[in-house]
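J.: attaching a predicted model along with its sequence, questions to come.
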Amino acid sequence: MAKYVGRSKQRFYTKKTAAKIMVSCFLVIVACGTLLCYGRQQKGWKTSIYSMEDDNVLSHPSVHDSRSKKEVRADFEQFLQEVFRENVTSDGITLNYTLKNPTDYGIKNVKPALGHYTKEAMQNARMLTENELAVLERYDYDKLNEEQQLAYDVLHTVWKQDLSGDNVDEYQEPLSPTTGTQTQLPVILTEYHFWDKESVDTYLQLLQKIPDYFDEIITFEQQRSKEGLFMSKRTAQDIITQCKEFVALPEKNFMITTFPERLSGLTLTAEQKADYAKRNRSAVLQNVIPAYQKLIKALEELADTGKNQAGLCNLPKGKAYYQHLVRSMVGTDRSMKNILKLLDQTIEDNKNIMSDLLVKDGSIYEKALSVKYPEEEPDKTLQYLKKQIKKSFPDLPSEVSCQMKYVDKSLEEHISPAFYLTTPLDAYQDNVIYLNGNAKYDLTKAFTTIAHEGYPGHLYQNCFYQSQNPLPVRSVVNIGGYTEGWGTYAELYSYSLAGLTKNLASFLKTNTLLTLAIYAKVDLEVNYNGWTEAEVRDYLTDFGYDKTACRTIFDAVVAEPAGYMQYTLGYLEIIDLQKQAKAKWGKQYSDKRFHTFFLSLGEVPFVVARDRLAAS
């Protein structure tokens, strides 16, 4: 999982708190009656805002290797394989989610492990990155083939960025309301792949290791508390409440109740299935539940020790750490100053679009409130979108499938409206999207959410890239701005596939983008520039938010700094890249060509994407 140390990069895509707030607030009209508070559209984008503060140059050391290209490429391929194996074997969850058949990749006899969450583990991971970077920089870039050069540029850029966050280990946060370990772990374990008896045995061993792993998290949080870095009281209370709901009915915990069905695909006798179910029940009741109960107790003891109830910048190294978070999570090379300028411009542009649309059609607000989508059932919506994207998106292999599931009721209040779990490299065809059945989420209106998670969003994005048979090492890189930026792009694009009038589609699209830009601006202002809750309230009130909504948004950006940036800034980076593609390709531009170009790159920092576009 992304939060696991041991250099694990398992990805867990979610709509995050941003979507949770968006869905619950929806359209809010301001006092003047001519402007709504959310938006999406592109009018007069000014996204290419770069200055000398931006590190927008792709570079690597100049090396001259006397060996032949064939020798260098073979050596480099071996190096990439070693990096891949080192990463995917760091913990059992990452390995299970990355490969169905590890032996095909030279991976054998891996001991079940969850990794570690300690400062020592972080320091070891940094040393490993430093060593790998040093080895990478010894290769003659010019003698690598095109695919290897792309892998080189991605790893070089990402590792350099990772190392820029030195001496801030204690600022990392393993716990948070939406993307924290305590939230993600139960769902990820429930979707742990049971390929055979061995994988079931490994799973049960992993459950037994959760108490030790949570003990490390508790120790880490206690250290953060001593250093004055513990989370805000409201964030702690939210996590405590969440954990209490998870352990409220131990015997009915979904990790127990869903287990028998998960064995149905295996060739097991009735006695074997009963034995496994008994062992799983014991592991959950004796290991998982007590680990959460111990975490609850520890957080209750620490809840009042947080000295900072606001943004990261109020901590000694908080401002620098926030910049590091934004750059590493989004994959951007923009300065904070220019990111803020971009967000302000986006907000202003979309406010103007909303105003223009309201002037053109005074009833468009009511139409937006009562919008009807072509399909209202999630499964039918997914199939509808799958057909609709064929004209403007490259084809997928026909064997790709998807199963819709619903999160357990004990997680509904805190988890996202929907999320997609990535698939193994060698078994990408079978996919799962989780939906949140909480009453506050109207799934009949989930058309764009399913587009974000399914077609042409995460499911499509992941399956298309894996169908290209990329280098396995590319799976160790996790760039949220690329993936969530694309999810947002897909979500906004889906309005054009919904059979709506042009003005209504534009209105709804503009509404959502404006919302995301507002949230991202608040994220940056709170965590980098030090806005207080009162300042956030003053700002959001102008957009029609009430006091409760303002507090919810403030708490969200404090609890999960840079979270909104992946969606908003990631999307804006893609739009900027698309503008550059239109300018470069001219009459040869088409949406399908751009989509194919972008998706074929896989997860890359945007500086790498721009470099490849320039060479296209």
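T.: Right, received. Where do you want to start? Numbering: from 1, shown residues only.

J.: and Tyr292, what pLDDT?
T.: On the pLDDT scale, Tyr292 is placed at 99.

J.: likewise for the one 5 residues further on?
T.: In this model, Lys297 is scored at 99, pLDDT.

J.: which stretches of the stretch 351-500 of the chain form strands?
T.: Secondary structure of the stretch 351-500 of the chain (DSSP state E, counting those that start in this stretch): strands at 401-406, 418-421, 430-435.

J.: pick the most buried one from these.
T.: Burial of the strands of the stretch 351-500 of the chain is given as mean neighbour count (mean count of other CB atoms under 10 Å); strand 418-421 ranks first at a mean of 26. C-beta here means a position set from N, CA and C on the backbone, and glycine is covered the same way.

J.: JSON lines for the strands of the stretch 351-500 of the chain, including mean pLDDT and distance to Ser328?
T.: JSON lines is the format used below for the strands of the stretch 351-500 of the chain (pLDDT from 0 to 100; distance: least, CB to CB, whole Å):
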{"stretch": "strand 401-406", "mean pLDDT": "93", "distance to Ser328": "30"}
{"stretch": "strand 418-421", "mean pLDDT": "92", "distance to Ser328": "21"}
{"stretch": "strand 430-435", "mean pLDDT": "94", "distance to Ser328": "26"}
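
J.: tell me which element Arg224 falls in.
T.: Per DSSP states H and E, Arg224 falls inside helix 210-226.

J.: Throw the strands of the stretch 351-500 of the chain into a markdown table and include distance to Ile217, thanks.
T.: Output for the strands of the stretch 351-500 of the chain, formatted as a markdown table (distance: least, CB to CB, whole Å):
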| stretch | distance to Ile217 |
| --- | --- |
| strand 401-406 | 27 |
| strand 418-421 | 22 |
| strand 430-435 | 24 |
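
J.: sorry, back to before: what residues sit buried inside the helix holding Arg224?
T.: Residues of helix 210-226 classed as buried by neighbour count (16 or more other CB atoms under 10 Å): 210-211, 213-214, 216-218, 220-221, 224-225.

J.: again, but for stretch 162-181
T.: Buried positions in stretch 162-181, judged by neighbour count with 16+ other CB under 10 Å: 162, 165, 168-181.

J.: follow-up on the earlier one: what's the closest of the strands of the stretch 351-500 of the chain to Ala609?
T.: In terms of CB to CB, the element of these nearest to Ala609 is strand 418-421, at 21.8 Å.

J.: neighbouring contacts of that closest one?
T.: Here strand 418-421 makes contact (CB atoms under 8 Å, 6 or more residues apart in numbering) with 12-15, 19, 97, 187-188, 191, 431-436, 446, 449-450, 452-454, 457-459, 462.

J.: with stretch 375-389 instead?
T.: Among residues not part of stretch 375-389, those counted as contacts by CB under 8 Å, 6+ apart are 373-374, 402, 404, 433, 435, 443-447, 450-451, 454-456, 460, 494, 497.

J.: just the buried subset of these, written out for PyMOL, thanks.
T.: To isolate the buried ones among the contacts of stretch 375-389 in PyMOL, judged by 16+ other CB under 10 Å, type:
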select buried, resi 373+402+404+433+435+443+446+447+450+451+454+455+456+460+494+497
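
J.: hang on, the earlier thing: farthest-separated two in the buried residues of helix 210-226?
T.: Ile210 and Ser225 (22.1 Å).

J.: and stretch 488-501, what's its mean pLDDT?
T.: 98.

J.: what's the answer for stretch 562-581, then?
T.: Taken as a whole, stretch 562-581 has an average pLDDT of 98.

J.: okay, buried residues for that stretch please.
T.: Neighbour-count burial for stretch 562-581, counted by 16+ other CB under 10 Å, picks out 562-578, 580-581.

J.: now do stretch 339-348
T.: 339-340, 342-343, 345-347.

J.: contact partners of that stretch?
T.: Stretch 339-348 has contacts (CB under 8 Å, 6+ apart) with 45-47, 49, 326, 332, 334, 513-514, 517-518, 520-521, 524-525, 529, 565, 568-569, 572.

J.: any of those buried? List them.
T.: Buried subset of the contacts of stretch 339-348 (neighbour count, 16+ other CB under 10 Å): 45, 47, 49, 326, 332, 334, 513-514, 517-518, 520-521, 524-525, 565, 568-569, 572.

J.: just the C-alpha atoms of the helix or strand containing Met127, please, in PDB.
T.: Element membership for Met127, per DSSP H and E: helix 119-136. Presented in PDB, the C-alpha positions along helix 119-136 are these (Å, rounded to 0.1, in the frame of the first residue of the first chain):
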ATOM      1  CA  LYS A 119      12.100   5.800  11.200                       C
ATOM      2  CA  GLU A 120      14.800   3.100  10.800                       C
ATOM      3  CA  ALA A 121      12.800   1.600   7.900                       C
ATOM      4  CA  MET A 122      12.400   5.000   6.300                       C
ATOM      5  CA  GLN A 123      16.100   5.600   6.600                       C
ATOM      6  CA  ASN A 124      16.800   2.200   5.100                       C
ATOM      7  CA  ALA A 125      14.400   3.000   2.200                       C
ATOM      8  CA  ARG A 126      16.200   6.300   1.600                       C
ATOM      9  CA  MET A 127      19.600   4.600   1.500                       C
ATOM     10  CA  LEU A 128      18.200   2.000  -1.000                       C
ATOM     11  CA  THR A 129      16.900   4.900  -3.200                       C
ATOM     12  CA  GLU A 130      20.300   6.700  -3.000                       C
ATOM     13  CA  ASN A 131      22.100   3.500  -4.000                       C
ATOM     14  CA  GLU A 132      19.700   2.800  -6.900                       C
ATOM     15  CA  LEU A 133      19.900   6.300  -8.100                       C
ATOM     16  CA  ALA A 134      23.700   6.100  -8.100                       C
ATOM     17  CA  VAL A 135      23.600   2.900 -10.100                       C
ATOM     18  CA  LEU A 136      21.100   4.400 -12.500                       C
END
